[in-house]
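> Below is the sequence, then the predicted model.
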Amino acid sequence: MGSSVITARAAASFEPVGRSVASARSFVRDTLQGWGFADIVDDAVVLTSELVTNAVVHAGTSADLLCLRSDEGVRIEVADRYPEREIPLQGSAISMGNPDREGGRGLQLCAALAGHWGVDYTPTHKTVWFRLDLPARPVGTRAAGPSLPAHLLPLADTRVRVAVVQIDRTGSVSAWNEDAEELFGYSAEQVTGKPLTDFAAWPHTPGTGTGIADALRLSRWEGSYGIRGAHGRVIPVYASHLRVRDTDGEPSTVCLLVRDHERAVLQTPLRGPAPDKSGTSEGQSTDPFEVFIGSPAPDDLDGLLQRTVERARDMLDGDSAFLLLATDDETELEVRASTGLPSARQRFARVPVEAGPGRYGSARMPAVHEDLTAVPGAVPLLNSTGMRSVVTVPLKVEGRLTGSLGVAAEAPGRYSNEEALRLQFAADRIALAVESARLGELERLRRGSLSFLVEASDLLAGTLDRDQTLALMAQMTVPTLATWCAVYTIADQASEPYLSYVLHEDEELIDGIKSLLSKIAPPDPVPTPGARVWSAPAEVAHQAALRTSMRSLGLSGSPTRPVTPGIGPTLATASAVGGETVVLPLVARNRVIGMLTLGKPTDEHFRQEILELAEDLSRRAALALDNARLYSERTAISQSLQRSLLPPELPTIDGVEVEVIYRAAGEGNEVGGDFYDLFPISDGAYGFAIGDVCGTGPNAAAVTGLARHALRLLAREGLSGPAVLERLNSAILDEGARSRFLTLLYGEMRPQDDGSAELKVVCAGHPLPLRLRQDGTVEPAAEPQPLLGVIEDLELYEQTVTLDPGDVLLCVTDGVTERREGPRMLGDDGLADVLTTCTGLTAGAVAARIMRAVERFASEPPSDDMAILAMRVPGLHTD
């Protein structure tokens, strides 16, 4: 890390498997949090995830991860064993490419998020490293602005007009320049000698002369007010006042005025804290921001906001104060800090910016209410709090509303326009610092959200099980996004929403919430994106708790009874769901497949950024849930079709033991091509078959069904074995492009009076049946012949085999003989060796031993279906 001293290191290696990415993320998160680097954890996790994914997934090599700590930050290195990867040029423009593409974003993200990064090569390794510096966040510290590209500069008119107005000691206009004439429509002759209060409006309305007079007597002042133009309308302006004296010692105030949306022309830039001057023994700061907030200023947004409301309350000698921040679209204000108000008013409650008609109905204007009882609901935040008088002022940055600051008192008539002026002065001093801290918090939240969604997508993509997907959805939201959640699912458009999963951070409350929600009509499945408030759970819970409490106190008309244990859980459930509850639709493939419900306990609200993150999660979760549903349906269909291609049960044959074992490969979501059958023909004769259709899926299933049912029909028509298979071959070829070749062993068996069994067998391209004699010898019981479904004119023949008492006939599919472990394969010889050890065993024991030997031959699960058909003639007398 250059000249930095490394104070700690942590290393780990990860195998080239998918789960290593999640393990690497956890390792980096745990390491950095243990080092106290919480500010850069999210960026580090995102970058590590991409780089380790490139190594273990795309390059297919193991990854070595190294974390190095220093006083300035952290350096993370990811090394793989695929050194021929292309890297982007450092100076080239960053293009993130298609956001849906899985690979190739790691180095681009490094260039976008890391302060420094690079790639080192050796003959066997490639190491990508990045460095994240610890942020310096002195909120409110003033500094010169950086060089900015043109599109980021403040917006102004083509010609910026700066009105210069000079006010004498009596408050009258003594000078009025040409730009003032253009801005306000008055000539210098019209205004010279007249009081500024005749034209100025604070706050943007007449009748505030005292406040402006105070501002004019200050040595320096900046802020917003209005000037009533010649056309009669108030023009919002941003002003900078400077108190000066002339050579005779006569004081006056020079006022520079611009349109409010061009305030950046005059607004004092943030600057670094001035060094302690030798002439000031105590070194006290004269910065208006620091005078108001105090030094040192809090270094986090919540601390800054809480300090602001406390200082505002003390400054105006109020009983309470509150600060709200505006949403990005400036339509709502969100409570972020308060003092002297109930907890319900403190966090994330939202109120509209435009609350009603008139100048006091908008948070964009300063407002003074001398008695709230005369205007009920004028300030919804103060309803039922006992506050009577209130003053509120806007926080603005470059003419844009960013928040609102208010101070309230229990006594009426406590505030006037003078207090509004003082509070607006303070608000103007802190507005930029608050907005800077808010943007920093939003950036950290955005990066944290990106990290969260990366991990969520990884988890959701790791399963196709519907129940596990529901559980993951709930576990990812609780407690990260909400205190409790419920997932409703909708099977089809004609079905009602069904409560499928409930989770609370306190497991003891889950059953109570589930019982409560089961008694409430589910939310409407509205496809409109975004979160909508659902008040039913809180209302029903409150009513249930109230009824329970009244019964316990004997107020419901029934005899008084002691408090029962059921009251506690009822009240606890009401408290758990008593806060804000929102519903987000789960939409996949243009259909609402469910709803994700998130809730808070009593008096708590969701912040807007959390709802936006929940909306992103709901989109990913909906697609994962629908994929799981489709997979489950496909699996159920495949398993049902597979069962239909096998005989429902095997007949009992006098004098012959029969055992069948069938093992389907994979997860059961594909229909296999292996099949078997055993059925009566007539007059004590039985047909048996075991076959394998090329491939899997619907086409293979069609040929399998055709073969099994055609064998039964043709055999019962009295046709010989070769004739049956020749006609089946023609039927398969008639399928055209849907046809599949088929290997088939078909035979007819007739038990004899002497205890033996006569078999007539045709083996069409199938693994040969093996005959085990009583003396332990094993030999093929048929000769190989052409398979079916390839050539039209087949000439097949049957062979006659007699099973003596104690003999076994073993028939298998190629999944048995082709079982592999590396380069080794079981083969026909290996199968014969296992069968040799089965002398004297029953048919069931023979089949079980063969299957056990096949499974143990390799450590990996079978990759092909396997079918085993064993028939044994025990003889006339068995032990």
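Perfect, I can see it now. Numbers count the residues shown, from 1 in each chain.

> so where's the stretch 701-850 of the chain shaky on pLDDT?
738 (pLDDT under 70).

> quick one: the strands in it?
Taking DSSP state E, counting those that start in this stretch, the strands of the stretch 701-850 of the chain run over residues 742-751, 757-764, 770-772, 778-780, 799-803, 808-812, 820-821, 824-825.

> Compare those and give me the one nearest Met851.
Between Met851 and these, the tightest spacing by C-beta to C-beta is seen for strand 808-812, at 9.7 Å. Where C-beta positions appear, they are placed from N, C-alpha and C, glycine not excepted.

> what sits up against that closest one?
For strand 808-812, contacts defined as C-beta atoms under 8 Å, 6 or more residues apart in numbering pick out 688, 690, 745, 759, 767, 769-772, 781, 801, 803, 831, 835, 838, 841, 843, 846, 850, 866-872.

> Which of those fall in helices?
Leu831, Leu835, Ala843, Val846, Ile850 (DSSP state H).

> Need those residues in TSV (columns: neighbour count and distance to Thr696).
Below are the ones in helices among the contacts of strand 808-812 laid out as TSV (neighbours: other C-beta atoms under 10 Å; distance: C-beta to C-beta, whole Å):
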residue	neighbour count	distance to Thr696
Leu831	22	23
Leu835	22	28
Ala843	22	29
Val846	26	28
Ile850	23	23
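
> Looking at those residues, which one is closest to Gly403?
Ile850 (77.9 Å).

> List the contacts of that closest one.
Shown in contact with Ile850 (C-beta under 8 Å, 6+ apart): Leu810, Val812, Val816, Leu831, Val834, Leu835, Cys838, Ile868, Ala870.

> could you dump those to CSV with distance to Leu65?
Listed next are the contacts of Ile850 as CSV, based on distance: C-beta to C-beta, whole Å:
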residue, distance to Leu65
Leu810, 53
Val812, 48
Val816, 44
Leu831, 47
Val834, 47
Leu835, 52
Cys838, 53
Ile868, 48
Ala870, 54
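
> Between which two of the residues you listed is the distance greatest?
Using C-beta to C-beta, those span at most 14.1 Å, a distance reached by Val816 and Cys838.

> neighbour count winner among those two?
In this view Val816 and Cys838 are compared by other C-beta atoms under 10 Å, and Val816 has more residues nearby, 30 against 23.

> Surely the more buried one and Met866 touch.
Yes. Here Val816 lies in contact with Met866, judged by C-beta atoms under 8 Å, at a distance of 5.2 Å.

> which residues are common contacts for these two?
Common neighbours of Val816 and Met866, using C-beta under 8 Å, 6+ apart, are Val854.

> Tell me, how many residues neighbour Asp674?
Look at Asp674: counted by other C-beta under 10 Å, it has 28 neighbours.

> Contact partners for Pro525?
Neighbours of Pro525 in contact, by C-beta under 8 Å, 6+ apart: Ile490, Pro497, Pro585, Val592, Gly594, Met595.

> where does Tyr186 fall, phi/psi-wise?
Main-chain torsions, Tyr186, degrees, to the nearest 10: phi -100, psi 140.

> is it true that Ser859 touches Glu821?
Yes. Counting by C-beta under 8 Å, Ser859 does reach Glu821; the two are 6.9 Å apart.

> which ones are touching Trp484?
Neighbours of Trp484 in contact, by C-beta under 8 Å, 6+ apart: Val478, Val502, Leu503, His504, Glu505, Leu509, Ile513, Ala576, Val577, Leu598, Gly599.

> Point out where the stretch 301-450 of the chain drops to low pLDDT.
Residues of the stretch 301-450 of the chain that meet the criterion pLDDT under 70 lie in 343-349, 355-362.

> ok, 90 please
Along the stretch 301-450 of the chain, the model assigns pLDDT under 90 to residues 301-321, 324-388, 396-402, 410-450.

> Find the residue closest to Leu509 in space, skipping its chain neighbours.
Ala576 (5.0 Å; C-beta to C-beta, 6 or more residues apart in numbering).

> I figured the one you found hits Val502, correct?
No. Contact criterion C-beta under 8 Å: Ala576 and Val502 do not qualify, at 11.1 Å.

> between those two, what contacts are shared?
Both Ala576 and Val502 are contacted by Trp484, Ile513, under the criterion C-beta under 8 Å, 6+ apart.

> Who has more neighbours out of the two?
Ala576 (25 against 22).

> In a helix, Pro529, correct?
No. Applying DSSP: H, G, I helix; E, B strand; the rest coil, one finds Pro529 to be coil, outside a helix.

> What subset of the contacts of Trp484 is buried?
Buried members of the contacts of Trp484, scored by 16 or more other C-beta atoms under 10 Å, are Val478, Val502, Leu503, His504, Leu509, Ile513, Ala576, Val577, Leu598, Gly599.

> picking up where we left off before, need the max-distance pair from the ones in helices among the contacts of strand 808-812.
Leu831 and Ala843 (16.2 Å).

> What's the separation between the closest residue in space to Asp506 that isn't next to it in sequence and Thr308?
Distances taken as C-beta to C-beta, 6+ apart place Ala576 nearest to Asp506, at 7.5 Å, with adjacent residues excluded. Counting by C-beta to C-beta, to the nearest Å, the gap from Ala576 to Thr308 is 33 Å.

> for Leu301, same thing?
Distance of Leu301 to Thr308, computed by C-beta to C-beta: 10 Å.

> hey, what's in contact with both of the two?
With C-beta under 8 Å, 6+ apart, Leu301 and Thr308 have common neighbours Val434.

> quick one: which of the two has more around it?
Neighbours per residue (other C-beta under 10 Å) separate Leu301 from Thr308, with Thr308 holding more: 27 against 23.

> ok, and what's touching the host helix or strand of the more buried one?
Secondary structure assignment for Thr308, by DSSP states H and E: helix 301-315. Helix 301-315 is contacted by residues 139-140, 292-294, 297-298, 318-323, 325, 336-340, 405, 407, 422-423, 426, 430, 433-434, 437-438, 440-441 when judged by C-beta under 8 Å, 6+ apart.

> at 6 Å what do you get?
For helix 301-315, the external contacting residues (C-beta atoms under 6 Å, 6 or more residues apart in numbering) are 139, 292-293, 298, 321, 323, 336-337, 339, 405, 407, 430, 437-438, 441.

> Can you show me the CA trace of it as CSV?
Taking C-alpha atoms only, helix 301-315 is exported to CSV below (Å, rounded to 0.1, in the frame of the first residue of the first chain):
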residue,chain,number,x,y,z
LEU,A,301,-26.4,12.9,9.4
ASP,A,302,-28.5,11.7,12.3
GLY,A,303,-26.2,13.4,14.8
LEU,A,304,-26.2,16.6,12.8
LEU,A,305,-30.0,16.7,12.5
GLN,A,306,-30.5,15.9,16.2
ARG,A,307,-28.1,18.7,17.2
THR,A,308,-29.9,21.0,14.8
VAL,A,309,-33.3,20.5,16.4
GLU,A,310,-31.9,20.8,19.9
ARG,A,311,-30.1,24.1,19.1
ALA,A,312,-33.2,25.5,17.3
ARG,A,313,-35.4,24.7,20.3
ASP,A,314,-33.0,26.4,22.6
MET,A,315,-32.5,29.4,20.4
